[in-house]
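K.L.:
please work out how this folds:
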Amino acid sequence: MKKTLLLAAFALVSMTAFSQSDSGFGLKAGLNYNGNGNYFESVGDAANAPDKNIGFHAGFFGKIKLGPLFLRPELVYTQTKSDYDDSSFDLSKIDAPVLVGLKVIGPVHIFAGPAFQYILNSEFDGIGIDAIENDFSVGAHFGAGVNLGKLGVDIRYERGFNANEARFINTNITSLPDSRIDTRPEQVILSLSLKL
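P.N.:
Numbers count the residues shown, from 1 in each chain. Alright, predicted model coming up:
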């Protein structure tokens, strides 16, 4: 009986260790393309000005293998830029997506999940910002990626759920007649990751 229990315990520990073999943590960084107004119209405008609305991100990720699924929490510093005529709105924030993924075929995987953001700083070409409605907001990420050994590449779309506005003071910018812009994230994110 003791041998059977010992064998069963060894088998359970071995299966758990094997299923966790793809777990770990690492570093990630990449580029963001932030949209203004109608996102896909904004992407079309980028053909004329490729550096328009380009930002970057860098941070850490963890990966926990859960059978056929995996959980991937991330903590990322993100800086975005949104162009309005000859002015730009810069936003820096901390993003914390919590993604659930599934390996599809070979090294290809898909994922989705909520993304929490906390706005650290915002600036509109030196114009004072009276208030951003919410420093904290929630959105969603979904995308696909490829892992080649310790290196990974993924592309994802982010969309904020709750409306969030920045109000400006002392501005005469014609493209912002109400002196308000929506700071809710809507972007395509390209990332390179390295598992440590």
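K.L.:
once you drop chain neighbours, what's closest to residue 112?
P.N.:
Spatial nearest neighbour of residue 112, excluding adjacent residues (CB to CB, 6 or more residues apart in numbering): residue 142 at 3.9 Å. Bear in mind the C-beta positions are built from the backbone N, C-alpha and C, glycine included.
K.L.:
and what of residue 123?
P.N.:
Among residues not flanking residue 123 along the chain, residue 90 sits closest, at 4.9 Å (CB to CB, 6+ apart).
K.L.:
how close does the one you found sit to residue 106?
P.N.:
39 Å (CB to CB, to the nearest Å).
K.L.:
pull the longest strand from the chain.
P.N.:
Of all segments of type strand in the chain, defined using DSSP state E, the longest is strand 87-105.
K.L.:
which SSE is immediately downstream of that strand?
P.N.:
Using DSSP states H and E, the helix or strand that follows strand 87-105 in sequence is strand 108-124.
K.L.:
ok, the residue lying closest to residue 148 once chain neighbours are set aside - contacts?
P.N.:
Spatial nearest neighbour of residue 148, excluding adjacent residues (CB to CB, 6+ apart): residue 107 at 5.9 Å. Going by CB atoms under 8 Å, 6 or more residues apart in numbering, residue 107 touches 146, 147, 148.
K.L.:
now do residue 101
P.N.:
Residue 101 makes contacts with 69, 70, 71, 72, 109, 110, 111, 112, as judged by CB under 8 Å, 6+ apart.
K.L.:
for stretch 73-88, C-alpha coordinates in CSV please.
P.N.:
Output of stretch 73-88 as CSV, limited to C-alpha atoms (Å, rounded to 0.1, in the frame of the first residue of the first chain):
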residue,chain,number,x,y,z
PRO,A,73,0.5,38.4,-16.1
GLU,A,74,2.6,41.4,-17.3
LEU,A,75,3.8,44.6,-15.7
VAL,A,76,4.8,47.2,-18.4
TYR,A,77,5.8,50.8,-18.7
THR,A,78,4.1,52.3,-21.8
GLN,A,79,4.5,55.7,-23.4
THR,A,80,2.2,56.7,-26.2
LYS,A,81,1.9,59.7,-28.5
SER,A,82,-1.2,61.0,-30.3
ASP,A,83,-0.8,63.7,-32.9
TYR,A,84,-3.3,66.5,-33.5
ASP,A,85,-2.4,68.8,-36.3
ASP,A,86,1.0,70.3,-35.2
SER,A,87,0.6,69.3,-31.5
SER,A,88,0.9,66.0,-29.7
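K.L.:
on that earlier part again, tell me which residues in the longest strand of the chain are buried?
P.N.:
For strand 87-105, the neighbour count (16 or more other CB atoms under 10 Å) marks 89, 91, 93, 95, 97, 99, 101 as buried.
K.L.:
was I right about the second one contacting residue 117?
P.N.:
In other words, residue 91. No: contact between residue 91 and residue 117 fails when scored by CB atoms under 8 Å: they sit 9.6 Å apart.
K.L.:
low pLDDT regions in this protein?
P.N.:
Scanning the chain for pLDDT under 70 picks out 1-21, 36-52, 84-87, 124-134, 162-185.
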